[in-house]
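# Structure for the following, please:
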Amino acid sequence: MSDRPQLGQMRNLVIRSFASEAEQKIMATRRDQSWGHIRPHSVLVVAMGSHWLPGCWQKVADMVAFTNKAGVYCGLSELQDRCLTPYDALGTMRNEGLLMGQSEGCEWLCYVDNDIWPNPDALLRLINRDMSVIAPFVIEAGTGRKLHGPFRDPDTGLQPVKWTVLSMLLFKTSVFNCTGPNFWRDAIGADEGYHFQLLWHYGHRPWLDTDTAVQDLSRPLYPLASKMLPRAEQEALWDKKNAQMLQAPDRRPIDPNDPSMQEGVYWPFTNLKAKPAEDTGTSGVGITDTEVSEGGIKVQRIAPAQAGAQPDGGGDDPPVADGGGNVTG
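Have a look, this model is predicted:
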């Protein structure tokens, strides 16, 4: 005879429905350790613009597709570049991503830059750590420099840190319930040190998953540090950055013969079909907006001739960019 009480004897019923069997299993696993969520583990990945270094779009798209196939709802939004000059509105963009994540009801929000090279399971590994603020072990391609502090050794599990580079950073959206929607403030003066001190003020700290490595293909550029350069070098640096921002998005596959390519764009979302959307008035010349009919993922259709140079190589060997964003094989 079952020890389970009869339905009529239950004093307080709790009824939930789930979008999939996978979500039901996730909730069952965590029921005794955390409170519920309407879409357990749901995550919105927000990309800081669409200025992808060669191959990086494919790596991020594969990560999103892998997370969805694991039964976790995962959306992707490329944030509109709101910078009048390079970097002057990154805080506004991050705040916009924050608003998207909370408004869409996601449990997690993941910021990614356009120059990272994650493995497909990177996001899911971070989510499974269940830490309010967590980053992967980001290393600089070509140099192996660690981009966090204090330095931790790789493959040593979960480690507390004071700060980490913002190349890929995962938050529980509930973190921002105490900080408010304008957490990121001014993007130029408020760097990693400021933001992580502010998180500490609200009772949060960043954790580092040293078992999950992600490569950053370009050296981080700290805008305040550019003030130390001679004026001519400053102007040359920002001119180069402005030129990069005006280029069409590079969303081509690493392998030019990849069967997942649609109209010059790498597209691993096999259950999604793109359809033309109405003109939003924000498109650049020669670029037509399209919106996916399911899943809420917005993309821009670009002609192959606009795509730029094909990255060298393939597989897991990324190209490397110098501090100005120039890519070498």
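
# Show me where the stretch 101-250 of the chain dips below the pLDDT cut-off.
187-190, 221-225 (pLDDT under 70).

# what about the helices in it?
122-129, 176-179, 192-201, 231-245 (DSSP state H, counting those that start in this stretch).

# Out of these, which is the most enclosed?
helix 122-129 (a mean of 21; mean count of other C-beta atoms under 10 Å). (Each C-beta comes from the backbone N, C-alpha and C, glycine too.)

# what does it rub up against?
For helix 122-129, contacts defined as C-beta atoms under 8 Å, 6 or more residues apart in numbering pick out 41, 43, 45, 63-64, 66-67, 70, 72, 74, 108, 110, 134-136, 158, 168, 170, 207, 209, 211-212, 214.

# List the ones among the residues you listed that fall in strands.
When DSSP state E is applied, these are split such that 43, 45, 74, 108, 110, 134-136, 158, 168, 170, 207, 209, 211-212, 214 fall in strands.

# which stretch among the helices of the stretch 101-250 of the chain comes nearest Gln80?
Of all the helices of the stretch 101-250 of the chain, helix 231-245 sits nearest to Gln80, with 11.8 Å by C-beta to C-beta.

# Check which element follows the closest one along the chain.
Reading on from helix 231-245 to the C-terminus, the next helix or strand found by DSSP states H and E is strand 261-262.

# Provide the strand pairings for that following strand, with the direction of each partner.
strand 265-266 (antiparallel) (DSSP bridges).

# Out of the contacts of helix 122-129, which end up buried?
Those of these that meet the buried threshold are 41, 43, 45, 63-64, 66-67, 70, 72, 74, 108, 110, 134-136, 168, 170, 207, 209, 212, 214, by 16 or more other C-beta atoms under 10 Å.

# give me every residue that touches the most centrally placed residue in the chain.
The centre of the chain sits closest to Val112, judged by C-alpha atoms, centre = their mean, with a distance of 2.8 Å. Each residue near Val112 by C-beta under 8 Å, 6+ apart is listed here: 45-48, 60, 118, 167-168.

# same thing but 6 Å
45, 47, 60, 168 (C-beta atoms under 6 Å, 6 or more residues apart in numbering).

# what's the neighbour count on the third one?
Going back to what we said before, that points to Val60. Around Val60 there are 27 other residues, counting by other C-beta atoms under 10 Å.
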